[in-house]
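J.: Predicted model follows, preceded by the sequence.
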Amino acid sequence: MTITKAKVVDNIMSELDYPKKKSVDTLELLLEIIKRTLEDEEDVLISGFGKFCVKNKKARRGRNPATGDEMILDQRKVIVFKCSHLLREQINEGEN
């Protein structure tokens, strides 16, 4: 199941007893801070959860899947998430 922003807002409302407007504003502020930090190419480390990093990908050869024609894919930046060992252990607890 996928969790949506609306569900996160509902959780904030119930856990912190915040009104809906304050819950929405809190979530939007958090996401905006993360986006601005990544735009500045700084890492976002959330202890016990994980780390968001901006990585540079070099230009490379690729193919258009529709036509099969070769093309050059431009260099670009991608966001990579690396989960913390605590989160990984928590997720894997149920498998043992």
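T.: That came in fine, so what should we check first?
J.: Run a quick neighbour tally on Ser23.
T.: 20 (other Cβ atoms under 10 Å). Where you see a C-beta, it was placed from the backbone N, CA and C, and this is true even at glycine.
J.: so it makes contact with Ser14?
T.: No: judged on Cβ atoms under 8 Å, Ser23 makes no contact with Ser14 at a distance of 9.3 Å.
J.: can you map out the strands along this structure?
T.: Along the chain, the segments classed as strands by DSSP state E run 44-46, 50-57, 60-63, 70-73, 76-83.
J.: now could you export just the CA positions of the lengthiest helix in the chain as PDB?
T.: Looking across the chain with DSSP state H, the single longest helix is helix 20-39. Output of helix 20-39 as PDB, limited to C-alpha atoms (Å, rounded to 0.1, in the frame of the first residue of the first chain):
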ATOM      1  CA  LYS A  20      -5.800  19.900   9.600                       C
ATOM      2  CA  LYS A  21      -4.400  23.300   8.400                       C
ATOM      3  CA  LYS A  22      -1.400  23.100  10.800                       C
ATOM      4  CA  SER A  23      -0.800  19.500   9.800                       C
ATOM      5  CA  VAL A  24      -0.700  20.400   6.100                       C
ATOM      6  CA  ASP A  25       1.500  23.400   6.700                       C
ATOM      7  CA  THR A  26       3.900  21.300   8.900                       C
ATOM      8  CA  LEU A  27       4.300  18.600   6.200                       C
ATOM      9  CA  GLU A  28       4.600  21.200   3.400                       C
ATOM     10  CA  LEU A  29       7.300  23.000   5.300                       C
ATOM     11  CA  LEU A  30       9.300  19.800   5.900                       C
ATOM     12  CA  LEU A  31       9.100  18.900   2.200                       C
ATOM     13  CA  GLU A  32      10.100  22.400   1.100                       C
ATOM     14  CA  ILE A  33      13.200  22.300   3.400                       C
ATOM     15  CA  ILE A  34      14.200  19.000   2.000                       C
ATOM     16  CA  LYS A  35      13.700  20.200  -1.600                       C
ATOM     17  CA  ARG A  36      15.700  23.400  -1.100                       C
ATOM     18  CA  THR A  37      18.500  21.500   0.600                       C
ATOM     19  CA  LEU A  38      18.800  19.100  -2.300                       C
ATOM     20  CA  GLU A  39      18.600  21.900  -4.800                       C
END
